[in-house]
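Asks: Pasting the sequence and the predicted model now:
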Amino acid sequence: MATAKRRYSKEEFARRGRALYDKVIRQTFEPSHDGQFAAIDIETGEFEIDAKDLEAVHRLLERLPKAQPWLCRIGFRSLRRIGFGPRKARA
């Protein structure tokens, strides 16, 4: 699989990714999909959700080979956790 060339600055890439997450994913998929990963194409708004991060990205790229995927974890502020600290409470 060929890698897509970045067409946006890191700042613009992040701004678009966060905006699409807030507009589409947060309202529809929180909290029912908390902890899963969303791969969002920052140009079209198309997305894939999976329990495995790379599976979501690969499925998105299969559908949209020129996608610019933004990866995030539903219900979390960051993609991964480093170190110790309180985890988000599960109901």
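Replies: Sure, I can see it.
Asks: Can I get the helix or strand of the chain with the lowest mean pLDDT in PDB, CA atoms only?
Replies: None of the helices or strands of the chain scores lower by mean pLDDT, DSSP states H and E than helix 26-29, at a mean of 88. Extracted in PDB, the C-alpha atoms of helix 26-29 (Å, rounded to 0.1, in the frame of the first residue of the first chain):
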ATOM      1  CA  ARG A  26     -18.700  12.800  19.100                       C
ATOM      2  CA  GLN A  27     -22.400  13.400  18.700                       C
ATOM      3  CA  THR A  28     -23.200  10.100  17.100                       C
ATOM      4  CA  PHE A  29     -20.700   7.600  18.600                       C
END
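Asks: What is the distance between that helix and the centre of its chain?
Replies: 12 Å (Cα atoms, centre = their mean, to the nearest Å).
Asks: ok, now stretch 69-83?
Replies: 8 Å.
Asks: next one: stretch 61-72
Replies: 10 Å.
Asks: And stretch 40-59, by the same measure?
Replies: Counting by Cα atoms, centre = their mean, stretch 40-59 comes out at 6 Å from the chain centroid.
Asks: next one: stretch 8-28
Replies: 9 Å.
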